[in-house]
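Q: My questions concern the predicted model and sequence given below.
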Amino acid sequence: MKMIPQNALFLLLFTVTLFACKKEGPAGPAGAAGQQGVPGPQGPGGTQGKTGSANVTVYTFPSRTFVAWSDFEIHNISKGRVDSSLILGYFNTGSDAAPSWYPIPGPGPVAAYETRYATYFGGAVPNQYLVFSVRVSKPNDLATQYPSAVTFYKTKVFIIPAATVIPGGKKALPDLNNYYEVKEYYGIED
């Protein structure tokens, strides 16, 4: 038997292999999903988001001059919302070099008078609108009306809804004989 040189054998095998290959066929069916990998490290923190408003509504009123009291009507507000909200009032007299906002209740400019307020619902039908009624009295004598006219150049009334309303002014205490209630009340973990 004759020996075929090694190079000729390699060339023959290469040629057979080259012509034996076909074009790639169609893709086969998808395989089963693999197991979940290990979670990666925590990524960098994002930027701080915009501060929320806590659903505060501010009602603004234009200039008015009055003696003794003035009523500010606030429409489209329910009794339920008023009963579960903090109500704050402020006025601006416009007479200061840099306009100041004075709280209601509280003293006016240079403590010339004191302001107080009351709220109630008014209108032709029950609970038609909220009245924010401001009274102006002499300082140190809240029973006596301030006799001169005052001007509120701007008035703002804030309605701030409560996140939680607790009847009776405080959260009910847990049953002190029940360990689990005490633990939950004070947020204690085991």
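A: Perfect, thanks for sending it. Here the structure is a predicted model, which means the values were calculated and not measured.

Q: got the phi/psi numbers for the residue nearest to Asp175 when sequence neighbours are not counted?
A: In space, Asp175 comes closest to Glu181 once its chain neighbours are excluded; the distance is 5.0 Å by Cβ to Cβ, 6 or more residues apart in numbering. C-betas here are computed from N, CA, C, even on glycine. Glu181 adopts backbone torsions of phi -70, psi -40, taken as degrees, to the nearest 10.

Q: how many neighbours does Glu181 have?
A: Applying other Cβ atoms under 10 Å, we find 13 residues neighbouring Glu181.

Q: next one: Glu114
A: Other residues within reach of Glu114, judged by other Cβ under 10 Å, total 19.

Q: wait, it sits on Leu142?
A: Yes: look at Glu114 against Leu142 with Cβ atoms under 8 Å: they come within range, at 6.1 Å.

Q: where's the residue nearest to Asp175 relative to Pro26, distance?
A: 67 Å (Cβ to Cβ, to the nearest Å).

Q: now swap in Thr119 and tell me
A: 78 Å.

Q: repeat for Val67
A: From Val67 across to Pro26, the span is 94 Å (Cβ to Cβ).

Q: which of the two has more neighbours?
A: For the pair Val67 and Pro26, the greater number of neighbours falls to Val67 (12 against 4), based on other Cβ under 10 Å.

Q: I am assuming the more buried one contacts Pro147, so please confirm or correct that.
A: Yes: using Cβ under 8 Å, Val67 is in contact with Pro147, at 7.3 Å.
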